[in-house]
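>>> Fold the stuff below for me.
(chains A, B, C and D)
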4 protein chains.
Amino acid sequence: MATEIKTIGVLTSGGDAPGMNAAIRAVVRTAIMRGYSVKGIRHGYNGLLTGDIIDMNLRSVSEIIHRGGTILYTARCLEFKTLEGQQRAAQACRDNGIDALVVIGGDGSFRGCKDMAAQGIPCVGLPGTIDNDIACSDYTIGYDTAMNTAVEMIDKLRDTTQSHDRCSVVEVMGRNAGYIALNTGIAVGALVTLIPEVPYDLERDVIAKMKATQKTGKQHFIIIIAEGVGHAQDLANEIQSRTGIDSRATVLGHVQRGGSPTLRDRVTASRMGYHAVELLRKGIYNRVVATKAESIVDYDISVALSMYKTIDTTLLDIGSTISI
Amino acid sequence: MATEIKTIGVLTSGGDAPGMNAAIRAVVRTAIMRGYSVKGIRHGYNGLLTGDIIDMNLRSVSEIIHRGGTILYTARCLEFKTLEGQQRAAQACRDNGIDALVVIGGDGSFRGCKDMAAQGIPCVGLPGTIDNDIACSDYTIGYDTAMNTAVEMIDKLRDTTQSHDRCSVVEVMGRNAGYIALNTGIAVGALVTLIPEVPYDLERDVIAKMKATQKTGKQHFIIIIAEGVGHAQDLANEIQSRTGIDSRATVLGHVQRGGSPTLRDRVTASRMGYHAVELLRKGIYNRVVATKAESIVDYDISVALSMYKTIDTTLLDIGSTISI
Amino acid sequence: MATEIKTIGVLTSGGDAPGMNAAIRAVVRTAIMRGYSVKGIRHGYNGLLTGDIIDMNLRSVSEIIHRGGTILYTARCLEFKTLEGQQRAAQACRDNGIDALVVIGGDGSFRGCKDMAAQGIPCVGLPGTIDNDIACSDYTIGYDTAMNTAVEMIDKLRDTTQSHDRCSVVEVMGRNAGYIALNTGIAVGALVTLIPEVPYDLERDVIAKMKATQKTGKQHFIIIIAEGVGHAQDLANEIQSRTGIDSRATVLGHVQRGGSPTLRDRVTASRMGYHAVELLRKGIYNRVVATKAESIVDYDISVALSMYKTIDTTLLDIGSTISI
Amino acid sequence: MATEIKTIGVLTSGGDAPGMNAAIRAVVRTAIMRGYSVKGIRHGYNGLLTGDIIDMNLRSVSEIIHRGGTILYTARCLEFKTLEGQQRAAQACRDNGIDALVVIGGDGSFRGCKDMAAQGIPCVGLPGTIDNDIACSDYTIGYDTAMNTAVEMIDKLRDTTQSHDRCSVVEVMGRNAGYIALNTGIAVGALVTLIPEVPYDLERDVIAKMKATQKTGKQHFIIIIAEGVGHAQDLANEIQSRTGIDSRATVLGHVQRGGSPTLRDRVTASRMGYHAVELLRKGIYNRVVATKAESIVDYDISVALSMYKTIDTTLLDIGSTISI
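Below you'll find the predicted structure:
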């Protein structure tokens, strides 16, 4: 690892997230302005194995800061999970003159970073996932956009829910984490928000609350269910059978993964991409960049992967007080 | 029906549609400016049976032109389908001094108009449904908004579809009609659009086209399926098994029913609401208001209900030429 | 003009409009699918004089249907207004093997078409301008998007106007035509809409109406002024001095020219681009494509340029009835 | 101040900001759920002097979390700046049984809180302003929405700027502070961002940078100027005369103040409104609620008003590295 870095490779891996393009742009431009060459590796780690590698210049990343998705494409890569795959990927770096890697993705992608580091390729990881399920970082690239997209969709759903005196059960993304659900629930004024981190009792936490609220004059309801909790349709059926209120399920789905990133995602991604190159420039390798209380910080990859974060359930308390 | 009209009642019925509020606003204000009193009947025809009737003035409809849903609420009404229900509803009109009704809704609502007319209550119907499935009118209130909402959602989906080289199968609304699907398909550049009016052969119309397009360098695909054709998930499964391309289904769902109406829906609804009151003022009763080539026209309710319109499939030809 | 057409050139000219990319895409793909080659001419007619001409294939127009602006860039071209410039442009077509031109733009661009036709280059024009000021066509590419953008911005302005009991005077685009203003005024519920086609008296049409409306309980006002009428700031000052109501001017400006096109603009642009190539294929040259009552039609260029259309002021009557 | 609090009054003051309604909702509902009565004071402190005071219940704040503006209206109040005005306002509180006030607004509003506290009315202030110019708080209600609105508008402007190879000079709000400009500049990839906190040299910081960037192939430019720096039109004229590049000014204006609040503004406002009532419940008076590194904290009003915050100019450095 004593080699001087001349060329930096950048790739996106795992599920795509809005703001990944802003991060790529910041990495490419900061690197070039600091005197490095940059290569883009397409379709995640796969691109190393298949040779899908392109030269990038200042203009390669023009007019992308406002675009969802990733111009480098992304993929999961089974072969890369084997030692042989990792060795081939490292060799591909050396063959293409790539001295260091910046990888934008989630925990799986960071484990890939660790594997590449073990093969002698310096790496820096940036947290890019809508799910916000990266323990070392308060905030991940794409999370703010996904939540705002969910909020906009549910605001539309509210119109028809209210016009028909219905209950809408809305399933939002987040894999095993309730971050998107918890904040979206507050933002749309959901009567109840169910997240995987907190067990619930249907009768006490949902049905009784609906009935109590009906007495105050409210006749339509929005219930948010995180994808990690269960199926919206099952919950809607259960609610309808117990309350008699016409209940409909909506699964917001992959629409939440796309769209033009919000200001927050663009700014955070830009700061993180800049920080990643600055780390490499200072000879600080094998780190994950993160936010901590609005500052940009970084952790050793192994440390980052061993960290654990808990969801702040005071938001649930606030929600249950003001949603009625 | 020789009675002079002094008070006009207005209600929304059936599924809600963006722009219904703009129509209500136009009816209320035109009527008041022309010297009529106006009463709002809530929850569709139900409101007549339950007495859910409110006085409306110029300010009752302030700040609603840009809102989705309907401030008068809507519902389906089983009791109203019986002769006895219709008689009770007509009596409720007389008891509340309502001399004529403006009803905003779909074909079912217009059949209700016809029934009320048979009971001696002059009626005018306005076409309000996102599905555009009203034969006498080129265009219905809510249709433009629903399509633009679908397009915005699919544009987001496109980002993630492209980043992953996937096929997205997207189910849009429209009940038994393909209007939303057909236009949305053109607007998002869908490779294939399947509508209930035109039978399809999966191998020839979908699979072969995907393979031909792949040869031109395209690796991601958007397929639109109208709700009247079948389930998006089934189609996605079938495509994946025949092509090996990672295929995902998205059901856009009730989000398409809500949201702030587009300019076109607001303007059309305003023109139609104005026209409805002008008809009553001229003593022309029992009509359905419609658009014909951007003009506002009207038809006898019975004639309107007996009309039939066919979907313009030249759009399919254009789509199949330019989507590749 | 008896030469067989093998290669079609396409360019955008004049002010840009959302949907121009959808039109380019339809021209390119229809042409290629029909067996023609296609060249893109960049920066309007200038590109012919400077040789800024690119080959286009099916994939050159991928992922552009949803993008504002024009991938071919646009410009005004002084030199092209001289006979010598026109001769040089026609020669450039012949030198580059361009046998016919499709030009997307406004009246100025169509006069360019006529000049090229006079030099022996078959042309077809497509109406692309947000202003809707093309006489032969009910509707121009970009018009619907510009109006919806204006409506969205004014809906935001409404919040602050209402919170402060103010009068907002909003200047919308449209050059010498009032189309955007008239429809936007209806759609946002503007108390008054001023357009260049209809003279107004400030005291009678604005001030008196504001005072009458205040008596009904309304305390905030939106006034729309078309760019062709005068300056928003002057009107706001005048209103404030005559009524004492805090009045603010907003000029929506060039934001109205951009953004992702609406469904209507995408579909119309696609239909028109397809139609243009079909005309050339049938040997029908020197036409302007247009919409007439939702159908796609075409006119001889000279006829199109000599046509005249009047604005439908019944919308003003409707607006003055329902905006109070 | 030993009196037990039974009734809490809530008002919004100064310029409106998106998210104020979410804050009002949280204050009202938390208070009622904790056993207090709530009164809404309309049009800021004016409402105390004019008696524009309404009773509020759980349903008074239904369906407002997603709405811009403030349902309580806002105003500046000259009379309240006099001691006599303050005494009358405090007496109005006592006459209406209002035992404590929650005030949502900016620094001017907090000075009003301090004055009311001096008259014996316990107060809590919440930071509501799009400008983010409240020293004690990292973040103010409305700031995130205003920036995202600016970004969306500039994204549209980008289309036309690019299509014409122009320079767009965009003036964003922020009064004497550069927060909106700085972050918006990063988010839209502005070549240069001018803020009042950092002096600039036109030739070195703008013109030279434009020329250097042109050499990399870029032909269109976005320059952000904070309202506190000067006029966009003057800067555009200067740029055009020095570079020859067609330059246009756009003033985004009051549109930035309105619109449906973002998730972040809704969640922060909800948390702050909840916190304000919890403070009163604990007998902690005369505080300003604030965010500090994503936590909700509070400060003594006098301390809050004496604080000073500096803008983080590392964002300028990042911007100048990656915007080219």
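
>>> residue contacts, the residue in the stretch 151-300 of chain A that chain D sits nearest to?
Closest residue of the stretch 151-300 of chain A to chain D, Cβ to the nearest Cβ: A:A293 (3.2 Å). (Each C-beta comes from the backbone N, C-alpha and C, glycine too.) The contact partners of A:A293, by Cβ atoms under 8 Å, 6 or more residues apart in numbering or on different chains, come to A:138, D:293-294.

>>> Just the ones in strands from these, please.
Using DSSP state E, no member of these sits in strands.

>>> D:S13: which of those residues is nearest?
Distance ranking of the contacts of A:A293 against D:S13, using Cβ to Cβ, places D:E294 first at 25.9 Å.

>>> Wait, that closest one touches A:E294, no?
Yes: between D:E294 and A:E294 there is a contact at 6.7 Å, judged by Cβ atoms under 8 Å.

>>> Give me the neighbour count for A:D95.
12 (other Cβ atoms under 10 Å in any protein chain shown).

>>> While we're on it, how confident is the model there?
At A:D95, the predicted lDDT confidence score is 97.

>>> all strands of chain A, in order?
Under DSSP E, chain A gives strands at A:7-12, A:37-41, A:53-56, A:100-105, A:123-127, A:167-172, A:192-194, A:221-226, A:247-251, A:287-292, A:295-300.

>>> in the last one, what counts as buried?
The neighbour-count check on strand A:295-300 (16 or more other Cβ atoms under 10 Å in any protein chain shown) flags A:296, A:298-299 as buried.

>>> neighbouring strands for it, and are they parallel or not?
Strand A:295-300 has these partner strands in its sheet, going by DSSP bridges: strand A:287-292 (antiparallel).

>>> Please apply the same query to the third one.
The strands beside strand A:53-56 in its sheet (DSSP bridges) come out as strand A:37-41 (antiparallel).

>>> State the mean pLDDT of the strand it pairs with.
98.

>>> Leaving out sequence neighbours, find the closest residue to the residue nearest the centre of chain A.
By Cα atoms, centre = their mean, chain A has its centre lying nearest to A:T129, at 1.7 Å. In space, and not counting its chain neighbours, A:T129 is closest to A:G106: 4.2 Å by Cβ to Cβ, 6 or more residues apart in numbering or on different chains.

>>> A:T145 now?
Counting by Cβ to Cβ, 6+ apart, A:P18 is the residue found nearest to A:T145 once chain neighbours are left out, at 3.9 Å.

>>> Repeat that for A:M307.
Of all residues not flanking A:M307 in the chain, A:A135 sits nearest, at 3.9 Å (Cβ to Cβ, 6+ apart).

>>> how close does the one you found sit to A:G142?
16 Å (Cβ to Cβ, to the nearest Å).

>>> again, but for A:E278
Counting by Cβ to Cβ, the gap from A:E278 to A:G142 is 22 Å.

>>> Those two: who's more crowded?
Each of A:E278 and A:G142 has its neighbours counted (other Cβ under 10 Å); A:G142 has more, 33 against 18.

>>> can I see the domain layout of chain A?
Here the domain parsing of chain A from automatic domain parsing is A:7-142+A:261-306, A:144-257.

>>> pLDDT wise, what is the residue sitting furthest away from the middle of chain A at?
Farthest-out residue of chain A from its mean C-alpha position, per Cα atoms, centre = their mean: A:K215, at 39.2 Å. Note for A:K215: predicted pLDDT of 95.

>>> Next to chain D in this structure, residues from the stretch 51-200 of chain A, please.
By the criterion of Cβ under 8 Å from any Cβ of the partner chain, the positions of the stretch 51-200 of chain A lying close to chain D are A:57-59, A:62-63, A:65-66, A:138, A:144, A:147-148, A:151, A:155, A:158, A:162, A:183-184, A:186-189.

>>> Show the backbone phi and psi for the residue nearest to the centre of chain A.
In terms of degrees, to the nearest 10, the main-chain angles of A:T129 are phi -170, psi 140.

>>> Surely it touches A:G15?
Yes: using Cβ under 8 Å, A:T129 makes contact with A:G15 at a distance of 6.3 Å.

>>> what is in contact with those two at once?
With Cβ under 8 Å, 6+ apart, A:T129 and A:G15 have common neighbours A:G106.

>>> Give me every residue in the stretch 201-324 of chain A lying close to chain B.
A:248, A:250-259.

>>> Return the helix or strand in chain A with minimum mean pLDDT.
helix A:314-322 (a mean of 94; mean pLDDT, DSSP states H and E).

>>> what's the angle between that helix and strand A:221-226?
170 degrees (axes from the mean of the first three to the mean of the last three Cα atoms, to 10 degrees).

>>> same for helix A:314-322, what does it pack against?
helix A:179-188, strand A:192-194, helix D:20-33, helix D:263-281 (3 or more Cβ pairs under 8 Å, 6 or more residues apart in numbering or on different chains; DSSP states H and E).

>>> could you give the angle of it to helix D:263-281?
Orientation check (the same axes, to 10 degrees): helix A:314-322 against helix D:263-281 gives 70 degrees.

>>> Pull helix A:314-322 out as CSV, backbone CA atoms only.
The C-alpha trace of helix A:314-322 is given here as CSV (Å, rounded to 0.1, in the frame of the first residue of the first chain):
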residue,chain,number,x,y,z
THR,A,314,-39.0,9.3,20.7
LEU,A,315,-40.4,10.0,17.3
LEU,A,316,-42.9,7.3,17.8
ASP,A,317,-44.0,8.9,21.1
ILE,A,318,-44.3,12.3,19.4
GLY,A,319,-46.3,10.7,16.6
SER,A,320,-48.7,9.0,18.9
THR,A,321,-49.3,12.2,20.7
ILE,A,322,-49.9,14.5,17.7
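
>>> so where's chain A shaky on pLDDT?
A:1-3 (pLDDT under 70).

>>> what sits against A:A304?
A:110, A:125, A:134-136, A:287-288, A:290.

>>> Need those in TSV (columns: distance to C:V206 and neighbour count).
Shown next, in TSV, are those (distance: Cβ to Cβ, whole Å; neighbours: other Cβ atoms under 10 Å in any protein chain shown):
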residue	distance to C:V206	neighbour count
A:F110	63	26
A:G125	61	33
A:I134	57	28
A:A135	61	16
A:C136	60	25
A:R287	63	23
A:V288	61	30
A:A290	57	24
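
>>> Tell me the one among those residues nearest to chain C.
Taking Cβ to the nearest Cβ as the measure, chain C lies nearest A:G125 of the contacts of A:A304, at 28.5 Å.

>>> what bridges to the closest one?
For A:G125, the beta-bridge partners under DSSP bridges are A:V103, A:V288.

>>> Wait, it touches A:G105, no?
Yes: assessed by Cβ under 8 Å, A:G125 is found in contact with A:G105 at 7.2 Å.
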